[in-house]
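# got a sequence here, can you model it:
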Amino acid sequence: MAKVDPTPGVVPPEEEPSEAAELAVSAELVATSVPEYLKAALARVRGGEMGILPVVGGLLLVSIIFQSLNSHFLTAANLVALLVQAALFSMLAMGEIYALLLGEIDLSIGFVAGLGGVILAELLKPTGFDWPWWAAIAVSLAACALIGLIQGSLITRLGLPSFIVTLAGLLFWQGLMLRILGNGGSILVSDATVNGIASGNLTPAASWIVMLAIVGIFGVMTWRRDARRRAAGLVAPPKGVTGLKIGGALAGGVVVVLLCNADRGRLVPIQGVPYVVLLVFLVLALWTFVLGRLRFGRYIYAIGGNAEAARRAGVNLSWIRTFGFVMCSLTAGIGGLIYVSRLRSISTAVEGGTLVLYAVAAAVIGGTSLFGGRGKAVHGVLGGIVIAAIYNGMGLLGVAAPTQYMVTALVLLAAVTIDSLARKGRSPGR
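You can find the predicted model right below:
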């Protein structure tokens, strides 16, 4: 049997699996062909390890329902608009995942994003500071990270519940945002670079080049990583499975570029991959690397899975938890940038309380556990797309806002139910 790749001094990130899941994992370790690997993966699903299957199935179901009710839903123009709409939800959800992995929650993330947007807009004002766009973005993100540091320190150093600290943060940062905006109530943003993040697009040719470059880098890194692990006798899929992963990434990239390169303009041609989609993908890639490849990410999973065991293994719980909230607020700052770019302004109309609910909902719908220790950055992206698809589809059908809220609530309840049942299947008797 192949050797298991251990992380020195760290407990496993997942909760104790069921006997069926353990047998499936063992089968994956010795699988030498694609059919054997897929058979083992199916056994893991039966053992409660469903991964992203529920959210993918849910997304397909939502698409079928709305397409049957309105044939415009699956058009290229609407799907690209849906991706742009999902960008804010996905970004905030990727930030919230850091707190959820620790078994905590951050209720302030919506107004942290709003405050970051206000700071950005103030620094860009031609009649005010008139900073260059890159400096304004850097300062706004740094301010959001500082907020995470403050809240994380209160939680870890003083032992205060994250629910209370971030609820207080929700109120405090909302008040600070309103005070900065003052009587005017809004700030217009005229910087072309910032506004172009949500409204600008790559050229069709550049879209193909960037996609092929991304898939090429992903393919080389994935193949080399799996090859090194196989050579060292560590856990790694067969070569055929690695090839399927790379082929799947290429197929997905081709579909996205084909959709985005279709002319979706009415008065003037609009083509190419939106910059905001690339921004979401960039953050997804970075946070996936941080959580999956860095020791900090493994410690996050370890603490969320079993904090006491992680402490006994030598993990600095206070530092890791604090920095987890820093990453949460930093990602919220990027969400604030997207918000400002889409509206080309920031105002007192920021619904931070609603945004945090969407962030938590998107993360959970995507597959992140509310119990800590299980989740990935991609779960936030997928969950954000599901929420955007629901609102987009109901918007096409002219469904009233109250019904939209109720439908989203039902989807969230379904996702939590699936997570709870899967957790019981992995850990019988708990």
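# distance from stretch 210-225 to the middle of the chain?
Taking the mean C-alpha point of stretch 210-225 and that of its whole chain, the gap between them comes to 21 Å (CA atoms, centre = their mean, to the nearest Å).
# give me the buried positions along it.
If you call a residue buried by 16 or more other CB atoms under 10 Å, then stretch 210-225 has these buried ones: 210-211, 214-215, 218-219, 222. In this view, the C-beta of every residue, glycine as well, is placed from N, C-alpha and C.
# got the contact list for it?
Around stretch 210-225, the neighbours that count as contacts under CB atoms under 8 Å, 6 or more residues apart in numbering are 202, 242, 245-246, 249-250, 253-254, 256-257, 273, 278, 281.
# please repeat the previous calculation with a cut-off of 7 Å.
202, 242, 245-246, 249-250, 253, 257 (CB atoms under 7 Å, 6 or more residues apart in numbering).
# got the CA positions of it in PDB?
Extracted as PDB, the C-alpha positions of stretch 210-225 are listed here (Å, rounded to 0.1, in the frame of the first residue of the first chain):
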ATOM      1  CA  VAL A 210      -5.100  34.000 -21.000                       C
ATOM      2  CA  MET A 211      -7.200  30.900 -20.800                       C
ATOM      3  CA  LEU A 212      -4.700  28.700 -22.500                       C
ATOM      4  CA  ALA A 213      -1.900  30.100 -20.300                       C
ATOM      5  CA  ILE A 214      -3.900  29.500 -17.100                       C
ATOM      6  CA  VAL A 215      -4.800  25.900 -18.100                       C
ATOM      7  CA  GLY A 216      -1.200  25.300 -19.300                       C
ATOM      8  CA  ILE A 217       0.200  26.400 -15.900                       C
ATOM      9  CA  PHE A 218      -2.400  24.400 -14.000                       C
ATOM     10  CA  GLY A 219      -1.700  21.300 -16.200                       C
ATOM     11  CA  VAL A 220       2.100  21.500 -15.700                       C
ATOM     12  CA  MET A 221       1.800  22.000 -11.900                       C
ATOM     13  CA  THR A 222      -0.800  19.300 -11.500                       C
ATOM     14  CA  TRP A 223       1.100  16.800 -13.600                       C
ATOM     15  CA  ARG A 224       4.500  17.500 -11.900                       C
ATOM     16  CA  ARG A 225       2.900  17.400  -8.400                       C
END
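# need the helix or strand of this protein with the lowest average pLDDT.
Of all regular secondary-structure elements in the chain, judged by mean pLDDT, DSSP states H and E, the least confident is helix 19-30 with a mean of 48.
# and the helix or strand that that one is followed by, what does it pack against?
The C-terminal neighbour of helix 19-30 among helices and strands, as given by DSSP states H and E, is helix 34-46. In terms of contacts (3 or more CB pairs under 7 Å, 6 or more residues apart in numbering; DSSP states H and E), helix 34-46 is packed against helix 19-30, helix 239-261.
# residue 336 contacts residue 114, correct?
Yes. Here residue 336 reaches residue 114: they are 6.3 Å apart, a contact under CB atoms under 7 Å.
# which residue of those two possesses the greater neighbour count?
Counted by other CB atoms under 10 Å, residue 336 and residue 114 do not tie: residue 336 has more neighbours, with 34 against 29.
# contacts only, for the more buried one.
So residue 336 contacts 113-114, 116-117, 120, 140 (CB under 7 Å, 6+ apart).
# pLDDT score for residue 144?
For residue 144, the model assigns a pLDDT of 97.
# ugh, wrong one, I meant residue 231
Value for residue 231, per-residue pLDDT: 83.
# adjust the sequence numbering to begin at 376 for everything that follows.
From this message on, residue numbering opens at 376, which makes the last subject residue 606.
# count the neighbours of it for me.
9.
# also residue 708?
As a burial measure, residue 708 scores 28 neighbours (other CB under 10 Å).
# same deal with residue 717?
Other residues within reach of residue 717 by the criterion other CB under 10 Å amount to 17.
# wait, isn't it in contact with residue 573?
Yes. Contact between residue 717 and residue 573 holds when scored by CB under 7 Å: they sit 4.2 Å apart.
# residue 524 contacts residue 701, doesn't it?
Yes. Contact criterion CB under 7 Å: residue 524 and residue 701 qualify, at 5.2 Å.
# neighbour-wise, which of those two wins?
For residue 524 versus residue 701, neighbours defined as other CB under 10 Å are more numerous around residue 701 (21 against 16).
# and that one, what does it touch?
With contacts defined as CB under 7 Å, 6+ apart, residue 701 is in contact with 520, 523-524, 527.
# what helix or strand does the residue of the chain most remote from its centre sit in?
Distance from the C-alpha centroid of the chain, by CA atoms, centre = their mean, peaks at residue 502 (35.9 Å). Secondary structure assigned from DSSP H and E places residue 502 in neither a helix nor a strand.
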